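Asks: sequence plus the predicted model coming up.
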Amino acid sequence: MMSPGLPANWRAYVIVAAVAFLCYANSLSHQFVFDDKPLLLGDPASYDLDRLPGHFTGEEGYFKTMGRYYRPLVALTYAFDRMTGRLLFGGMDPKSYHLTNVLIHVAVCLVLLALLTLLLESTRAALLAALVFAAHPIHTESVAWISGRTDSLAGLFYFMALLAYLRHTRRPSFGWLWLLFGSYGLALLSKEMAVTLPAALILLDLLRPGRRLAPGTRYLIYAGLIGLTLLFLLARQGALSGITVPEAGQYFFGQPPLTVLATMLQTIPVYARLLIVPTGLLYHYNGVLPYQDSPLSPAVLPALLFVLVTLALALWWRRRQPLATFAILFFYLALLPVMNIVPTFSLMAERFLFIPSLSIALLIGWLIAKARRPAAQAIATIAGLLLIGGYAFLTIERNRDWSTDDRLFRAAEGTPGSLLNVNLGNVYSRAGDILKAEQLYLEALAIREENSRAHLNLGVIEMSRGARHRAAAAQAEANSEVDRAELHRARALTAFDQSRRHLERARELEPAAPEILFELAHLALAEGRPADARRHLHQLSRQSPNFPGLKELRHQLGP
């Protein structure tokens, strides 16, 4: 006899939850890595309960470290993790944050199982498809990385809204409507990428007509969701109205629209390949694909053909295989917000595939559901289990790369990329190999000159080089080596000039970065420009009064 309140296929939910958790259990001991540090450790008190309302009004938020984003619900979860860490671990501990990430993923997979069961009308196919999603390595960035939570949290409520709508079309009720609109609102407050939901529902209805809802009722729901979208955009605009970010930081800053189109076309088959064969994963893709100036260039033409062929296939299938058509079109639809139609700071990212990866789960489920004969079902099931096992192995292995900064950055060694090179250069710099680090920073600028961190790090290297030459000049002068002293003085001036050029360019690209202001003040002090040093320190004090090293540098400067 079935237990009260449990679905008929409750064992499937237990299996999915267990696999989703086990695939990411080895991430629970990971550290804060990459963007976690400025986001969560830069001003941890911003996630205290008394400052939490500021994330909704725009007084606090991602804009301080990550850009002009409005994601207050994510901030709410960070506040919960901060509080949990204090209670369980006696302070700010990454374990509480990682546990929340894993539990969000488990919840997503359970919702997805319910959604796929409705779409595929087969518990077996839905179970295998949900397990593909649960074990897929493409989700490591969203789950094993704390800052990647934006996409998994948005995905949770996005899929919940889809599920509520499908439930409502089968058995209309105000409860499902409340869940639909509430989930969509929460998805929007998690990440802007959720704005495609109304279009996804319309697409689903166009491909699967004949549901119980009358056209007029569906139109009212569409209108309500679009209205909610507009309200969110207005609220977001109001909260961020006084916040600006440098345009130079945008990935396609100064590039014509045709270059944006041609370059972004290259990303589509890469995204598709990552969904099918998720190997060679990278934590950052800026600069990995070169700018292209025409959709018909030899490098872009294969990507354009891929898009045209897959869209043609979707249209050809639209009557006979509507689910396959929906899966293909949803892949494109869900990626639209990150295609740089509205300028962003990224070329592409694996976490952007969290919501679009519904497509691969649905396609695999559709293929399994099509197997009708016992032999075909057995073959499909075995193939599905082998795929899930392979994905789970790759996920567990990839999780290890996210454990520390050094491991993550070294995992990308050999792949040229603007930020990849900078972070790898930092690894070599910490290890004392400054020449190797400098080479990587210069290569990063060769890939993409608008890299503020490469300029910052080169500025620091040149400043240190200038200080060494100045010390050598003083030593040579003390030894009455006039020519040698003059040579070192000239080299010191050149190094300081190079340092100033890099640091000023870094500030132009990232005006609010406290690290850059600190180094500019340090350089001005080293060059004997105390007025400039005080000016930089004054601005730094206003922006980041607790910045490490600020008091010491102010003390060096004197009254």
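Replies: Thanks, I have it. Residues are numbered from 1 along each chain as shown.
Asks: now stretch 32-42: mean pLDDT?
Replies: When pLDDT is averaged over stretch 32-42, the result is 84.
Asks: can you give me how far that stretch is from the chain middle?
Replies: Relative to the centre of its chain, stretch 32-42 is centred 13 Å away, using Cα atoms, centre = their mean, to the nearest Å.
Asks: now that stretch: buried residues?
Replies: For stretch 32-42, the neighbour count (16 or more other Cβ atoms under 10 Å) marks 32, 33, 34, 35, 36, 38, 39, 40, 42 as buried. Yep, even glycine has a C-beta here, placed from its N, CA and C like the rest.
Asks: repeat that for stretch 197-216.
Replies: For stretch 197-216, by 16+ other Cβ under 10 Å, it's 197, 198, 199, 200, 201, 202, 203, 204, 205, 207, 213.
Asks: so which of those comes closest to residue 98?
Replies: Each of the buried residues of stretch 197-216 was scored against residue 98 by Cβ to Cβ, and residue 197 proved nearest at 28.0 Å.
Asks: I figured the closest one hits residue 185, correct?
Replies: No: counting by Cβ atoms under 8 Å, residue 197 does not reach residue 185; the two are 10.4 Å apart.
Asks: just give the nearest non-adjacent residue to residue 369, would you?
Replies: Counting by Cβ to Cβ, 6 or more residues apart in numbering, residue 125 is the residue found nearest to residue 369 once chain neighbours are left out, at 3.8 Å.
Asks: give me phi/psi at that neighbour?
Replies: phi -60, psi -40 (degrees, to the nearest 10).
Asks: wouldn't it be in contact with residue 368 here?
Replies: Yes: in this structure, residue 125 is within contact of residue 368 by Cβ under 8 Å, at 4.2 Å.
Asks: ok, now which ones touch residue 463?
Replies: Counting by Cβ atoms under 8 Å, 6 or more residues apart in numbering, residue 463 makes contact with 495, 496, 499, 503, 519, 522, 523, 526.
Asks: please list all residues in contact with the third one.
Replies: Read it as residue 499. Residue 499 neighbours (Cβ under 8 Å, 6+ apart): 458, 459, 460, 461, 462, 463, 466, 523.
Asks: among the buried residues of stretch 32-42, which two are most distant?
Replies: 33 and 42 (14.2 Å).
Asks: with adjacent residues omitted, what lies nearest to residue 445?
Replies: Nearest non-adjacent residue to residue 445, counting by Cβ to Cβ, 6+ apart: residue 454, 5.0 Å away.
Asks: where's that neighbour, which helix or strand?
Replies: helix 452-478 (DSSP states H and E).
Asks: ok, residue 544 to residue 208 distance?
Replies: Per Cβ to Cβ, to the nearest Å, residue 544 is found 53 Å from residue 208.
Asks: swap that for residue 99, please
Replies: As judged by Cβ to Cβ, residue 99 and residue 208 stand 38 Å apart.
Asks: can you list the neighbours in contact with stretch 191-201?
Replies: 69-71, 74, 150-151, 153-154, 157-158, 161-162, 165, 184, 187-188, 221-222, 225-226, 229, 232, 236, 330, 333-334, 336-338, 352, 355.
Asks: off-centre distance for that stretch?
Replies: Chain-centre distance of stretch 191-201: 17 Å, with Cα atoms, centre = their mean.
Asks: ends of that stretch, how far apart?
Replies: 18 Å (Cα to Cα, to the nearest Å).
Asks: which residues touch residue 238?
Replies: By Cβ under 8 Å, 6+ apart, the residues touching residue 238 are residue 58.
Asks: helices of the stretch 251-400 of the chain, start to end?
Replies: Assignment of helices within the stretch 251-400 of the chain using DSSP state H, counting those that start in this stretch yields the ranges 257-276, 301-317, 322-335, 358-370, 374-401.
Asks: and if you look at the stretch 1-150 of the chain?
Replies: 10-24, 36, 53-57, 72-89, 94-120, 123-135, 140-143, 149-170.
Asks: same question, the stretch 401-550 of the chain
Replies: 405-411, 418-430, 434-447, 452-478, 482-509, 514-526, 530-543, 550-557.
Asks: that older thread, of the buried residues of stretch 32-42, closest to residue 438?
Replies: Distance to residue 438, by Cβ to Cβ, is smallest for residue 34 among those, at 21.9 Å.
Asks: where does the residue located most distally from the centre of the chain fall, phi/psi-wise?
Replies: Largest separation from the mean C-alpha position in the chain: residue 480, at 57.9 Å (Cα atoms, centre = their mean). The phi and psi values for residue 480, taken as degrees, to the nearest 10, are phi 60, psi 30.
Asks: any idea of the pLDDT on it?
Replies: Listed pLDDT for residue 480 reads 85.
Asks: same check on residue 541?
Replies: 84.
Asks: again with residue 9
Replies: The model's pLDDT for residue 9 equals 81.
Asks: what about it, distance to residue 172?
Replies: Between residue 9 and residue 172 the computed distance is 24 Å (Cβ to Cβ).
Asks: still on that earlier bit, need the contact list for the residue nearest to residue 445.
Replies: Counted by Cβ under 8 Å, 6+ apart, residue 454 has contacts 418, 421, 422, 425, 441, 442, 444, 445.
Asks: pLDDT check: weakest of those?
Replies: Pick the lowest pLDDT in the contacts of residue 454 and you get residue 418, at 90.
Asks: any weak-confidence spans in the stretch 51-200 of the chain?
Replies: Scanning the stretch 51-200 of the chain for pLDDT under 70 picks out 61-67.
Asks: show me how this structure divides into domains.
Replies: 19-405, 407-557 (automatic domain parsing).
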